[in-house]
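Novice: following is a predicted model, sequence given first.
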Amino acid sequence: MNPGPGVTVRPARLVSGSLRLPGDKSISHRYAMLAAIAEGKSRLENFSTGADCGSTLACLRTLGVRWEPRPGGNNNIEIEGRGPELAAPAAALDCGNSGSTMRMLSGILAGQAFCSELIGDASLSQRPMARIIQPLRAMGAQIRAARGDLPPLCLCGGRLQGIDYMLPVASAQVKSSLLFAGLFAQGETCVEEPLRTRDHGEVALRAFGAKVSRQGNLTRIAGGQTLHAIEARVPGDLSSAAFFFCAAALFPGSQLVVENLLMNPTRARLLDILMAMGVHLSITQLEEHHGELVGTVQIAGGRLKGAEIAGADSAALIDEIPVLAAVAPFTEEGMRIQDAKELRVKESDRIHALALNLRAMGAEVEEREDGLIIPGGQQLHGAQIESLGDHRIAMAFAIAALRAHGETYINGAEAAVISFPGFFETLEGLVQR
């Protein structure tokens with residue numbers, strides 16, 4: 001593999017070894033934002049190395065939050081909280097490619113006594129923001145988009161009022177945004193979701209000292225609470241681990257160990273799906289750190305059955321579906337993915353990107369409005385893959401390429417830096433030929 005604008009991936013014989021992954025992206029975003037509005041200095045180890053979380057840190061600095069790297073490696077940082085009042089930014093807040101930054105930070109900015117402009121790159125500027133615009137307006141913020149519901153966003157915060165809000169579409173980012181806004185609101189904010197999504201926002205709020213209650217799919221938070229700094233180690237990113245799990249699963253004889261890995265029940269559905277597909281998997285050294293479960297996962301490759309991903313599973317696996325779909329042709333029974341329309345409004349239209357690139361590698365695939373049908377028992381060949389600037393598409397097809405006949409060239413492979421700088425080097429270190 002030769003990382004750069006494009007990467008060539010050659011077929012593998014098996015995948016083996018052990019690794020520790022960069023900190024979970026979802027948790028890193030939330031820890032950084034809450035540390036910024038907490039009292040005291042938060043020290044975070046193994047903070048995500050991805051460009052998206054770098055965008056969050058850059059925005060916080062523009063808002064007057066001081067943070068610095070700490071000695072000792074492992075991407076350790078110290079964030080000096082400002083309490084509930086941030087500084088008015090002298091420039092636009094550049095969220096880069098990070099929808100997480102734009103959506104969740106908007107919740108905090110809604111409670112500030114100043115106006116902000118949130119901008120992003122070309123890809124983020126095409127991602128709809130109505131899901132946060134409407135409820136934040138209902139809470140009392142002034143927020144408008146430059147073009148319909150597309151960024152840039154102009155947001156003027158102020159006195160907020162707690163609301164009862166039912167999410168029209170399950171989204172952990174929107175839920176976290178509204179709970180963060182609820183910290184600044186009078187009264188109580190209640191957010192109900194149609195399907196349970198990842199709960200890192202609620203867990204992080206509790207870690208910083210907030211009281212958050214949950215009953216079923218309804219989460220409540222009272223306004224006016226004070227947050228306090230924490231010292232925490234961010235567990236390894238489970239969505240990043242999915243690529244290596246699938247790589248090992250493709251080859252009988254593969255043995256892979258991933259340490260210090262996030263085991264949050266709202267994220268670990270991936271492990272259930274892999275085991276149902278026939279992957280040999282075990283979890284050891286399970287511990288709880290600041291409300292998040294962390295453990296070591298051992299995985300062995302073998303024959304893969306198929307899978308059906310629908311309903312709540314589609315929401316739970318929204319970040320892992322690309323790599324599961326990319327390896328689906330190699331399963332015995334294939335894969336049916338539905339209720340995943342959310343994939344069409346990610347960094348790319350991921351449903352279309354998956355169908356496009358699978359066909360380029362010779363696979364039969366049916367593209368549907370809300371998912372894909374991918375028959376099993378197929379053999380793929382090397383091809384030119386178009387990442388479309390999407391990190392998960394670039395990484396997913398690097399895994400599929402390991403079992404294809406011939407070399408595969410991934411155009412735009414540099415997109416992987418969004419969530420995992422060094423992904424291709426890490427993968428190469430585990431591959432045997």
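Specialist: Received the coordinates, thanks.

Novice: grab the nearest non-local neighbour of Pro135.
Specialist: Nearest non-adjacent residue to Pro135, counting by C-beta to C-beta, 6 or more residues apart in numbering: Tyr165, 5.0 Å away. Any C-beta I mention is one placed from the backbone N, CA and C, and that applies to glycine too.

Novice: what's the answer for Thr284, then?
Specialist: Using C-beta to C-beta, 6+ apart, the closest residue to Thr284 is Thr296 (4.9 Å).

Novice: hmm, back to that, what is the neighbour count of the residue nearest to Pro135?
Specialist: 20 (other C-beta atoms under 10 Å).

Novice: check the offset of the helix or strand harbouring it from the chain's centre.
Specialist: If you go by DSSP states H and E, Tyr165 is part of strand 164-166. Distance of strand 164-166 from the chain centroid (C-alpha atoms, centre = their mean, to the nearest Å) equals 24 Å.

Novice: so which elements touch that strand?
Specialist: The contact analysis (3 or more C-beta pairs under 8 Å, 6 or more residues apart in numbering; DSSP states H and E) places strand 164-166 against strand 188-192.

Novice: tell me which residues in the helix or strand following the strand it packs on are buried?
Specialist: Downstream of strand 188-192, the first helix or strand assigned by DSSP H and E is helix 200-207. Across helix 200-207, burial judged by 16 or more other C-beta atoms under 10 Å covers His200, Gly201, Glu202, Val203, Ala204, Leu205, Ala207.

Novice: got the contact list for the residue lying closest to the last one once chain neighbours are set aside?
Specialist: In space, Ala207 comes closest to His290 once its chain neighbours are excluded; the distance is 4.1 Å by C-beta to C-beta, 6+ apart. Going by C-beta atoms under 8 Å, 6 or more residues apart in numbering, His290 touches Val203, Ala204, Ala207, Ile230, Ala232.

Novice: the helix or strand Arg43 falls within: which residues count as buried?
Specialist: Using DSSP H and E, Arg43 maps to strand 41-45. Buried residues in strand 41-45, counting neighbours by 16+ other C-beta under 10 Å, are found at Lys41, Ser42, Arg43, Leu44, Glu45.

Novice: distance of the closest residue to Phe208 other than its chain neighbours from Glu202?
Specialist: Take Phe208 and drop its neighbours on the chain: the residue closest to it by C-beta to C-beta, 6+ apart is Leu227, 4.1 Å away. Here Leu227 is placed at a distance of 14 Å from Glu202 (C-beta to C-beta, to the nearest Å).

Novice: next one: Glu364
Specialist: Taken as C-beta to C-beta, the span from Glu364 to Glu202 is 42 Å.

Novice: residues contacting the residue nearest to Phe208?
Specialist: For Leu227, the contact set (C-beta under 8 Å, 6+ apart) comprises Leu34, Ile37, Ala38, Glu39, Gly81, Leu183, Leu205, Phe208, Gly209, Ala210.

Novice: quick one, which of those residues are buried?
Specialist: Leu34, Ile37, Ala38, Gly81, Leu183, Leu205, Phe208, Ala210.

Novice: confidence score at the nearest residue to the second one once chain neighbours are set aside?
Specialist: Think Ile37. Using C-beta to C-beta, 6+ apart and skipping the chain neighbours, the partner closest in space to Ile37 is Pro84 (5.5 Å). At Pro84, the model reports a pLDDT of 97.

Novice: quick one, phi psi at Pro84?
Specialist: Main-chain torsions, Pro84, degrees, to the nearest 10: phi -70, psi -10.

Novice: who touches Ala415 in this structure?
Specialist: Ala415 makes contact with Glu347, Ser387, Gly389, Asp390, His391, Ile393, Ala394, according to C-beta under 8 Å, 6+ apart.

Novice: do you know how far the first one is from Asn97?
Specialist: Between Glu347 and Asn97 the distance, using C-beta to C-beta, works out to 6 Å.

Novice: common neighbours of those two, please.
Specialist: Common neighbours of Glu347 and Asn97, counting by C-beta under 8 Å, 6+ apart, are Ser123, Gly389, Ile418.

Novice: so Ser125 sits against Leu153, correct?
Specialist: No. Contact criterion C-beta atoms under 8 Å: Ser125 and Leu153 do not qualify, at 10.3 Å.

Novice: who has more neighbours, these two?
Specialist: Applying other C-beta under 10 Å to Ser125 and Leu153 shows that Leu153 carries more neighbours, namely 26 against 15.

Novice: state the helix or strand in which that one lies.
Specialist: Per DSSP H and E: strand 150-156 holds Leu153.

Novice: strands paired with that strand, and their directions?
Specialist: Strand pairing for strand 150-156, using DSSP bridges, gives strand 115-119 (antiparallel), strand 142-147 (antiparallel).

Novice: reformat those as CSV; add distance to His405, mean pLDDT and mean neighbour count.
Specialist: Formatted as CSV, the strands paired with strand 150-156 follow (distance: least, C-beta to C-beta, whole Å; pLDDT from 0 to 100; neighbours: other C-beta atoms under 10 Å):
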stretch, distance to His405, mean pLDDT, mean neighbour count
strand 115-119, 44, 98, 19
strand 142-147, 45, 92, 15
